[in-house]
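*Asks:* sequence plus predicted model, see below.
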Amino acid sequence: MNQLSYFWLAAPIAGFIVQPIIGMFSDRTWTKMGRRVPFILGGAFISAIALLLMPNANILLALAPLAIGAIILLFMDMSFNVTMQPFRALVADMLNDDQKTKGYVIQTLLINLGAVIGGFLPLILTQFGVSDTASPGEISKHIAYSYYIGGGILLATVIVTSLRTKEYPPEEFAKYNNETVEQMSEKVSFGKLMHNIPKTMLQLGIVQFFSWAALFLMWTYLKPALTGNIFDSAGNPLTEGETATWVGVLNGVYPIPACLVALFMSNIANKFGNKPVYSICLLFGFLGYMGLFFISNKYMLMLPMIGIGIAWAGILAMPYSILSRTIKAESMGVYMGIFNFTITIPQIFVGLIGGMVVKYMFGSNAIAMIALAGVLMLLAAISVMFVREKSIE
């Protein structure tokens, strides 16, 4: 319990290192396949390999499976970041300001469709007779097969995207953004880029800190929080294996309302503004966390996930829509990578202190960490009020 958050540090550390580097390189790259697509495609192949390796960590080195698992997890998360970072910049590259909110909302919809499939795969496989039990030190088949299927889906969908997306060539891209090819290709030092960070990014960073810290707490502690505290309709506590499967179901539930909200978010944001929509989404997340804290019936726990799903939809779309209007096209990739600091730093911070907090403040009672996540999400909703929206002049 007290070391769990350290293992989860692999993802934010990978994002912290990889995303700004990939963003800078993709800004300055042009191939026959485009600027962003080569990185997206290359990262997908590496990610698929990592997904195949992950469930076999114990076979790769029987003496230290946890260490090998951590290494493969870091490798997997780095490759995910190589693939996913250019996607954010690609949306901004291909759309004008009037289209960007809709573009990021559509991306949010598709991200959550994938999350629904991933969350429910273990349960679906058990319905087809795949075992959800495993000997100590082994990985259950329903989890391992989910990784293999996920790797196949990842590779197939990225290949389709890479083949069907035609990026603007340098001359057309420069003209589209009212600049010259020379201006677009001008190399700017990372230090200067950091010095010229838009104020809107810093303001959004505060919101991001609270919201992503809350998400990290849920991802890390939801299973131990529910273990022994979740019951079926007859009032019987779920076994550890049943709890693990049900947590997968809950993680597959919250992307469903995120998908539904994403269908309408663009029109609602155009009518009422990005900031009010963003803040209200985060308030739903606060209510969702409070529901997880108080509810113990396995089926009723789906209700709080609706609120968390609405918050998730806002987190994936609104900050990028607000930010993309403040960044020049030639620096879109690197600034989207730098903005990823606002996602990774809160996770690293919580990952480093989470073990001490749950042990010394909450007596190793993981459910209290879910309540703490609710407080953080409320602070995120309030922080949105201090963000100033503006566009590049």
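*Replies:* Structure received.
*Asks:* can you give me the helices in the stretch 201-350 of the chain?
*Replies:* Along the stretch 201-350 of the chain, counting by DSSP state H, counting those that start in this stretch, helices occupy 240-253, 255-272, 274-294, 302-324, 332-339, 341-356.
*Asks:* select, out of those helices, the one closest to Asn112.
*Replies:* Closest approach to Asn112 among the helices of the stretch 201-350 of the chain (Cβ to Cβ): helix 255-272, 3.6 Å. Every residue, glycine included, has its C-beta placed from N, CA and C.
*Asks:* which neighbouring elements make contact with that closest one?
*Replies:* Helix 255-272 makes packing contacts with helix 97-127, helix 274-294, helix 302-324 when contacts are defined by 3 or more Cβ pairs under 8 Å, 6 or more residues apart in numbering; DSSP states H and E.
*Asks:* quickly compare the ones you listed and say which is most buried.
*Replies:* Among the helices and strands packed on helix 255-272, ranked by average contacts under mean count of other Cβ atoms under 10 Å, first place goes to helix 302-324 (a mean of 25).
*Asks:* between helix 255-272 and that one, find me the angle.
*Replies:* 50 degrees (axes from the mean of the first three to the mean of the last three Cα atoms, to 10 degrees).
*Asks:* so what secondary structure elements neighbour helix 302-324?
*Replies:* By 3+ Cβ pairs under 8 Å, 6+ apart, helix 302-324 packs against helix 65-94, helix 97-127, helix 199-226, helix 240-253, helix 255-272, helix 274-294, helix 332-339.
*Asks:* list the buried ones in the first one?
*Replies:* In terms of neighbour count (16 or more other Cβ atoms under 10 Å), helix 65-94 has its buried residues at 65, 68-94.
*Asks:* still on that earlier bit, any chance of TSV for the helices of the stretch 201-350 of the chain, columns distance to Gly34 and mean pLDDT?
*Replies:* Output for those, formatted as TSV (distance: least, Cβ to Cβ, whole Å; pLDDT from 0 to 100):
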stretch	distance to Gly34	mean pLDDT
helix 240-253	33	85
helix 255-272	25	89
helix 274-294	28	96
helix 302-324	18	93
helix 332-339	12	83
helix 341-356	25	90
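*Asks:* of the ones you listed, which is nearest Lys199?
*Replies:* With Cβ to Cβ, the closest approach to Lys199 among these belongs to helix 302-324: 11.1 Å.
*Asks:* thinking again about what came up before, closest to Leu316 out of the helices and strands packed on helix 302-324?
*Replies:* Leu316 lies closest to helix 97-127 among these, at 4.2 Å (Cβ to Cβ).
*Asks:* and Arg365, how far from Leu215?
*Replies:* Check again: residue 365 is Asn, not Arg. Separation of Asn365 from Leu215 (Cβ to Cβ, to the nearest Å) stands at 20 Å.
*Asks:* which one's more surrounded, these two?
*Replies:* Leu215 (23 against 16; other Cβ atoms under 10 Å).
*Asks:* does that one touch Ile315 like I think?
*Replies:* Yes. Contact criterion Cβ atoms under 8 Å: Leu215 and Ile315 qualify, at 7.4 Å.
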